[in-house]
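Asks: A predicted structure for the sequence below; I have some questions about it.
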Amino acid sequence: MAELDWHAERSDLDGLAQLDRAPANDDIDLVAVRGYRQTRVRQQMAEYEVDAVILSDPVNIRYATGTRNMQVFSMRNAPSRYLLMTQTRAILFEFTGCLHLGEGFETVDEVRPSRTASFVAAGPHIADRERAWAAEMADTIRELTGETRAVVGVERLNAGAAIALKEAGLHVVDAQQPVERARAIKSPEEMKCVIASLRATEIGVGKLRAAIRPGLTEAELWSVLHKSIIEQNGDYVETRLLNAGARTNPWFQETSDNVIGANELIALDTDVVGCHGYYADFSRTFHSGPDQPTDLQKELYKVAHEQVHHNMGILKPGMSFRDYADRAWDIPDKYYAHRYYLSAHGCGMTGEYPYLYHHGDFPDAGYDGTIEPGMTLCVESFIGEDGGREGVKLEQQVLITETGVDLLSEFPFEEALLV
């Protein structure tokens, strides 16, 4: 029994794992949040001279209106529900039988039934369905904008639907840039949603940590986080990133039925789309016990901890992405091959713009821009040797302020791995 209780007894979570849910956030003005976000999209549309957008990514629809419906289903069945938005009107085309879900939102002027333009829905008549869908969109856009050849931003459409829009006489452009630029800057009220999602996720991770036992499978342990997130009205976990032992290195090995052994590292990236649809994204690495961590395990952990904190320390408003890459922590050669693919990334309702690259990757993958107040960023580290048995994943979520950086993710690090 002593071995089974070992991890819980040394918990440094100050009761976090015993909480059922995060404190209520009754002070969040969701009307203000939705209004700010829709205004941001329209501002970026104007800046990029886009007359209308057709959004089919369910996360972008939720950002622009606050509405949600079958998020994961909608991601792989586009367009099955979509949003047409101009500077003056927002029309939500909702999935069959679901029109009531779009009612009562001040951000939605009208709800219409969608016309699902996919092969699954239309079979061999897909081309006809796409042309009919495009004709309906073109007529509505011309009516709303008064433009014969309106500039229309689209994203996440099947190729046939996008081609049909062009053939209908519209000037089709990519909506990703204006929408991502809109999402990048959070309002103070929006930040309350971000923090609510983080606090709820931290409770789930606390319960996961307290449940760690050799003999559990990775999936059994990972399910503890899922249960807590859903109980607290979070949405879903976007990835399968909990691994133990030799499956921690290299990173990006998906959660499996692998049995957690004694004295192994267990690495987790939360990737939770949580409360109010906001992303809670931090990473922690634990130790399964019953013995104390080895010197090698502690070395990996301390190096990852150093990388994250160095890179958090250089972030500041007005800094260019290139300058950040030049000043970021130098990854030692023995860990370079298995480095995380990013140094940091934006975070809102999912992972988002911008991506901040390592110095060595910047020439091929990087792009320049400016770190701005209101951005939420996740600072990343994965440390594992090429050919090494285990690795450590750590990550912190922060807010860029007018004067510096505020830490958002508060889940504690493992003291036993830092000594």
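Replies: Perfect, I can see it now.
Asks: Could you use CA atoms for every contact and neighbour count after this?
Replies: OK.
Asks: Buried residues in stretch 34-51, which are they?
Replies: For stretch 34-51, the neighbour count (16 or more other Cα atoms under 10 Å) marks 34-38, 40-45, 50-51 as buried.
Asks: err, stretch 256-269, not the other one
Replies: The neighbour-count check on stretch 256-269 (16+ other Cα under 10 Å) flags 256, 258-261, 263-269 as buried.
Asks: For the residue nearest the centre of the chain, which residues are in contact?
Replies: Nearest to the mean C-alpha position of the chain, counting by Cα atoms, centre = their mean, stands residue 350 at 2.3 Å. With contacts defined as Cα atoms under 8 Å, 6 or more residues apart in numbering, the neighbours of residue 350 are 59, 273, 278-279.
Asks: State the distance from it to residue 378.
Replies: 11 Å (Cα to Cα, to the nearest Å).
Asks: And for residue 279?
Replies: Distance, residue 279 to residue 378, using Cα to Cα: 11 Å.
Asks: ok, now residue 251?
Replies: Distance of residue 251 to residue 378, given as Cα to Cα: 17 Å.
Asks: Between the two, point out the one with more neighbours.
Replies: Each of residue 251 and residue 378 has its neighbours counted (other Cα atoms under 10 Å); residue 378 has more, 27 against 21.
Asks: who's that one bridged to?
Replies: Residue 378 has these beta-bridge partners by DSSP bridges: residue 345, residue 397.
Asks: mind listing what it touches?
Replies: Taking Cα under 8 Å, 6+ apart as the contact definition, residue 378 lies against 281-282, 344-347, 395-398.
Asks: and the longest helix anywhere in the chain, what's its mean pLDDT?
Replies: Criterion DSSP state H: the longest helix present in the chain is helix 188-211. Across helix 188-211, the average pLDDT comes to 97.
Asks: Which parts of that helix count as buried, going by neighbours?
Replies: 189-211.
Asks: Tell me which helix or strand comes right after it.
Replies: helix 218-231 (DSSP states H and E).
Asks: Pull the residues that contact that following helix.
Replies: The contact list for helix 218-231 (Cα under 8 Å, 6+ apart) reads 20-21, 200-201, 203-205, 207-208, 211-212, 235-237, 242-244, 255-260, 274.
Asks: Helix or strand: which one has the residue nearest to residue 148 when sequence neighbours are not counted?
Replies: Among residues not flanking residue 148 along the chain, residue 142 sits closest, at 5.9 Å (Cα to Cα, 6 or more residues apart in numbering). Using DSSP H and E, residue 142 sits in helix 126-145.
Asks: which strands and helices sit next to that helix?
Replies: Contacts defined by 3 or more Cα pairs under 8 Å, 6 or more residues apart in numbering; DSSP states H and E place helix 126-145 against helix 159-167.
Asks: Pop the domain breakdown of this protein in here.
Replies: Annotated domains of the chain cover 2-26+185-418, 51-174 [automatic domain parsing].
Asks: mind checking the end-to-end distance for the last one?
Replies: Chord length of domain 51-174, first to last residue, is 12 Å (Cα to Cα).
Asks: same thing with stretch 310-320?
Replies: Length of stretch 310-320, first residue to last, Cα to Cα: 17 Å.
Asks: what's next to it, contact-wise?
Replies: By Cα under 8 Å, 6+ apart, the surrounding residues in contact with stretch 310-320 are 324, 327-329, 368-373, 379, 400-405.
Asks: And stretch 329-343, by the same measure?
Replies: 250-251, 307, 310-311, 355-358, 379-386.
Asks: now swap in stretch 240-247 and tell me
Replies: Defining contact as Cα under 8 Å, 6+ apart, one finds that stretch 240-247 is touched by 218-219, 222, 252-256, 258, 260-261, 264-270, 389-390.
Asks: ok, now stretch 91-103?
Replies: Contacts for stretch 91-103 (Cα under 8 Å, 6+ apart): 67-69, 80-85, 108-116.
Asks: Using PDB, write down the CA coordinates of that stretch.
Replies: C-alpha atoms of stretch 91-103 as PDB (Å, rounded to 0.1, in the frame of the first residue of the first chain):
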ATOM      1  CA  ILE A  91     -25.600  34.900 -41.600                       C
ATOM      2  CA  LEU A  92     -25.000  31.600 -40.000                       C
ATOM      3  CA  PHE A  93     -25.800  28.600 -42.200                       C
ATOM      4  CA  GLU A  94     -26.400  25.900 -39.700                       C
ATOM      5  CA  PHE A  95     -26.400  22.100 -40.000                       C
ATOM      6  CA  THR A  96     -29.700  20.300 -40.800                       C
ATOM      7  CA  GLY A  97     -32.000  20.200 -37.800                       C
ATOM      8  CA  CYS A  98     -29.800  22.500 -35.800                       C
ATOM      9  CA  LEU A  99     -31.000  26.000 -36.700                       C
ATOM     10  CA  HIS A 100     -32.100  26.600 -33.100                       C
ATOM     11  CA  LEU A 101     -28.500  26.600 -31.900                       C
ATOM     12  CA  GLY A 102     -27.700  29.900 -33.700                       C
ATOM     13  CA  GLU A 103     -30.700  31.700 -32.200                       C
END
